[in-house]
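Peer 1: return a 3D structure for these sequence lines:
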Amino acid sequence: MADTLKQRPQFRNIHVSQIVAYRLPPAGIVSILHRVSGVLMFLLMPFIIWMFDTSVTSEVSYDVFRSAFAAGVGFVPGWFLKLVVLALIWAYLHHLIAGLRHLWMDATHAVTKQFGHTSAIATLALSVLLTLALGFKLFF
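Peer 2: Now for the predicted structure:
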């Protein structure tokens, strides 16, 4: 019995300098990215509101909206606006899929290490693949 206690891994807090070398499991990466995507969507809310307002106000404003992505707005080039929209697409998709993952785990009590690992990999893969598909539509 005493031997098994000595062989158990010891968990401790890591120092800030160790963050780069620390290997997070996929579930930890998804958790951090879920927070990052939420903050990104919150901070870009004025841009989202501007896009929605400009696209639905009138036909003239819709033409302004479309030309903003082709020629840019003011000093901001059109390709940069597309990159910001691509980041928003990723943030929305990742936040949605990770939120559904959390809801599924809460509803079914499927909280095992294996399910957490596979669902985290699926969340990362789905969000990136869907972002690439919609980004292809955005840029071409």
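Peer 1: quick one: average confidence on stretch 102-109?
Peer 2: Stretch 102-109 comes out with an average pLDDT of 93.
Peer 1: centre of the chain to it, how far?
Peer 2: 20 Å (Cα atoms, centre = their mean, to the nearest Å).
Peer 1: what comes up buried for that stretch?
Peer 2: M105 (16 or more other Cβ atoms under 10 Å). Using the backbone N, CA and C atoms, a C-beta is placed for each residue, glycine as well.
Peer 1: who's in contact with it?
Peer 2: With Cβ atoms under 8 Å, 6 or more residues apart in numbering as the test, stretch 102-109 has contacts from H34, A110, V111, F115, G116, S119.
Peer 1: ok, of those residues, which come out buried?
Peer 2: For those, a burial check counting by 16+ other Cβ under 10 Å picks out H34, G116, S119.
Peer 1: in space, what's closest to the second one - neighbours in sequence excluded?
Peer 2: With sequence-adjacent residues excluded and distances taken as Cβ to Cβ, 6 or more residues apart in numbering, G116 is closest to A27, at 4.3 Å.
Peer 1: I'd assumed T118 was in contact with the one you found.
Peer 2: No. Judged on Cβ atoms under 8 Å, A27 makes no contact with T118 at a distance of 9.8 Å.
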